[in-house]
Each structure stands twice: as C-alpha cells, then as structure tokens.
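1. make a model of this:
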Amino acid sequence: GSAAGFGCRNSSYNSSHWSCLTQCADDDSGNSGDSKNGDKKEDSEDVDDGTLAFLRIFAPELYEKITMKRMIKRDIIVDRPDVQWTDIANQVKAKRMLQEAVILPLEKPNYFKNIRKPWKGVLMVGPPGTGKTMLAKGVATEKNITFFNVSVSTLTSKFFGESEKLIKMLFEEAKTRAPSVIFIDEIDSLCSSRGEPTEHEVTRRMKSELLSHMDGLVSASKSDPAKSIVILGASNFPWNIDNAFLRRLEKRIYVPLPDSKGREELLKLTLRNVDVHSDVDLELISDQLDGYSASDIVVVCRDAAFMSMRKAIKGKTVEQIKAIPMAVMKAPITKDDFNLAIKKCQKTVTEADIKKFEEWNEEYGSSV
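-> Below you'll find the model as predicted:
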C-alpha cells in the first residue's frame, strides 16, 4: 500500500536530510544573506546525491531549483574566458562601445548615474566569423566579470517547458555574482518576432519572461552601477529579432569583415607562434584576403601552416614519416604555401550578405 511504501522510502533518509531541507529552504528564501562572486559557499548547490534524491521526493520545487543552479554553473557560467583585447585584431569601434557599456561603469560608477546610467543591452551584429563571441569574452576577461555564456539550445532543451524558470534563475544568479555579462549567442533564434501562428506556447512564455527581466535590469542599474548586469547579444540575422527586444538592446554595434589593416593585424596574431619565410609579404597576403572573415583568415593560415608537412610526407610510408625530422615538418610558411591555401579556402560571406547587413545597420545601428 502507499503508506507502507512511504514508510519504506522514508526510512532511508535521516535527520541530516531534514536538516539540509531546512538549510536549503533558508538559502532559497534569501535568509542566508547575499553572496558575491563566489565569496560565500553556496550550500544549496553543494548537497550530495543522497540529499538531492531526498529533496526530489519531499521538496520537488527546491530540487528543481538546485538542479537548475547546478546546470547554470556547469553549462553557462564560464569561470574565466581568458580572451584579452590584444587577442582580437582591430574592431576598434566595437571595443570602444563595449568598454563604455561594461568596463567604464565599473571604473567610474559615480559618473554613470541618472541620464548617464549604463547601457543594459548591447547587440553585436555582423556576418559569421567576425569575432562577436571573442569580443564578448574579451569584455568579461578585461575586468574579471562573471560571464554567462547562454546558448538557445541550453535554454530550450535542458528543461523543456521550464525555460521561463531557467531564465528567472539565470538572472538571479547574475545578480548574485554581479558584475555580470549575460552573453546570448544567436539571440535572433530566441528573440524572433512574437505572435507568429507557428509559435509554441513554451517559446511565447520564455520570451515574455526574458523581456520582463530585461526591463528589471534597467531599474536595478540605477542603484549601483558597480553591480551591473549587461546583456550582450550576438546575431548573424538581426532582421529576425522582434522589435520589443530590439528596443531593449539599446546599443547595436555592427561588427564588419576586417579591413586591410585588420586583416594584416589578424595575420600577425594568428602566425605569431610559427615560422614564416622571408618571402612572405603580409600586406600583400592581406590584400588577397579582401572579403574574408576573421575565421576564414584563420582557416587560410592553418592550411598554409600544414603545407610543409604535406610536402614532407608525400609518397612516404608511415614508418618513413616517423623518421622525418621535426625541423623539416615545421619548415617556415612560404609565399607559395599561402597562395595555395588561399586557392583552396574560399571566403564564406557573399557581397549580398554584406549589403544586407549594411542596410540594416544604416536603419537600426548605433554609430560609435
């Protein structure tokens, strides 16, 4: 019978489990005080598997919350992105805007008040492979800010039907660990136009929850700029973003393909740990890579770096390859290596793509 079953289940739990339930409930209600940047041990996350099984039966809502917090800590919070500004070639305008939105309010909190309150939402738009994700990580590294790397798949698949609870928890964690950056990649797929006939009820509720919390950030920022939470979005399809979200992403930065100077800078950065032959003119290579994205250029460099190895092993057996000296395998990259790599690696962004981004930026973008 059910009573016997309950007694049997209950017998495997002891007083420490009930004590933990009380402690976790206190943590959950905020009685334990604010924690900041991990200074306080978060007891509700540190429960063992036995206690978690206990909570699943006797406190399902608390169990769900702890499970979500663990998932956010494991899958979303990046301990230290470790991307320096110097790792990102060029993109001066984007860096300047991100500095104004995220870094300066922490350095000069007394300035960023009233009408000068910090920007709470920044959208980076541009073709794929232009460095939007690196820029976001660079901001978090610069000031040791808690970085929440949110993918739409995490929000929608891990707790299907519970996405709005997960969003609420995400913003609570960001507030606890402030200053924080919530980076949402491919934000267009999360914040697409609402009210479409094909829109799922779960998606609609999730969007409403996100909008509500974005509004909450604006009011929270008035009290203490140094405890700021900034939403950074990145999109390759900004024209698909709902206008309500676009209004809340106050600053919209176009991250274009690298210009000639940016391409040359990126070549130097990418090749800094390999030997390059004296016959290579990086300015000339940069001109040949006009229209290539940053990620395209990295692919070209990597392909060129493999050329000496490919030449050395051609026609040889595995045993013969083992005997080839490393110096031969790592011979400097030549001009011919680059020319061949450029022929093999086509650019991935079309003129039509660029035109579409430039038109959107003309209408919705922010000048920096």
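
2. for the rest of this, base every contact and every neighbour count on C-alpha atoms.
-> Fine.

3. and for residue 327, the neighbour number?
-> 10 (other Cα atoms under 10 Å).

4. pretty sure it is in a helix, no?
-> Yes - using DSSP: H, G, I helix; E, B strand; the rest coil, the assignment for residue 327 is a helix.

5. can you spell out which helices and strands pack onto the helix or strand hosting residue 171?
-> Taking DSSP states H and E as the definition, one finds residue 171 inside helix 163-176. Packing partners of helix 163-176 (3 or more Cα pairs under 8 Å, 6 or more residues apart in numbering; DSSP states H and E): helix 60-71, helix 152-157, strand 180-184, helix 201-221.

6. where's the most centrally placed residue in the chain relative to residue 251, distance?
-> The centroid of the chain falls nearest to residue 149 when counting by Cα atoms, centre = their mean (3.8 Å). For residue 149, the distance to residue 251 (Cα to Cα, to the nearest Å) stands at 19 Å.

7. cool, and residue 271?
-> On the measure of Cα to Cα, residue 271 and residue 251 end up 33 Å apart.

8. who has more neighbours, these two?
-> residue 251 (23 against 15).

9. okay, now the domains of this protein?
-> 2-58, 85-257+357-364, 260-348 (automatic domain parsing).

10. can you redo these as TSV with mean pLDDT and distance to residue 79?
-> Shown next, in TSV, are these (pLDDT from 0 to 100; distance: least, Cα to Cα, whole Å):
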stretch	mean pLDDT	distance to residue 79
domain 2-58	54	11
domain 85-257+357-364	85	7
domain 260-348	95	24
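
11. need the ones you listed in JSON lines (columns: distance to residue 68).
-> JSON lines is the format used below for those (distance: least, Cα to Cα, whole Å):
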{"stretch": "domain 2-58", "distance to residue 68": "10"}
{"stretch": "domain 85-257+357-364", "distance to residue 68": "7"}
{"stretch": "domain 260-348", "distance to residue 68": "34"}
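
12. what's the most buried one of those?
-> Counting by mean count of other Cα atoms under 10 Å, domain 85-257+357-364 has the highest mean neighbour count of the domains of the chain, with a mean of 19.

13. quick check: end-to-end length of that domain?
-> Domain 85-257+357-364: ends 26 Å apart by Cα to Cα.

14. quick one: that domain to chain centroid distance?
-> 10 Å (Cα atoms, centre = their mean, to the nearest Å).

15. how close does residue 325 get to residue 277?
-> According to Cα to Cα, residue 325 stands 19 Å off from residue 277.

16. again with residue 173
-> Counting by Cα to Cα, the gap from residue 173 to residue 277 is 51 Å.

17. now residue 174, nearest residue through space, not along the chain?
-> Once flanking residues are discounted, residue 174 sits nearest to residue 180: 5.7 Å by Cα to Cα, 6 or more residues apart in numbering.

18. what sits opposite the one you found in the beta ladder?
-> residue 146, residue 229 (DSSP bridges).

19. just to revisit the earlier point, looking at the helices and strands packed on helix 163-176, which is nearest to residue 119?
-> helix 201-221 (8.3 Å; Cα to Cα).

20. other SSEs contacting that closest one?
-> Using 3+ Cα pairs under 8 Å, 6+ apart, helix 201-221 is in contact with helix 163-176, strand 229-235, helix 243-248.

21. ok and it relative to helix 163-176, angle-wise?
-> Counting by axes from the mean of the first three to the mean of the last three Cα atoms, to 10 degrees, helix 201-221 lies at 20 degrees to helix 163-176.

22. residues making contact with helix 201-221?
-> Surrounding helix 201-221, the residues in contact under the criterion Cα atoms under 8 Å, 6 or more residues apart in numbering are 117-118, 120, 161-164, 167-168, 171, 190-191, 194-195, 227-230, 244-245, 248.
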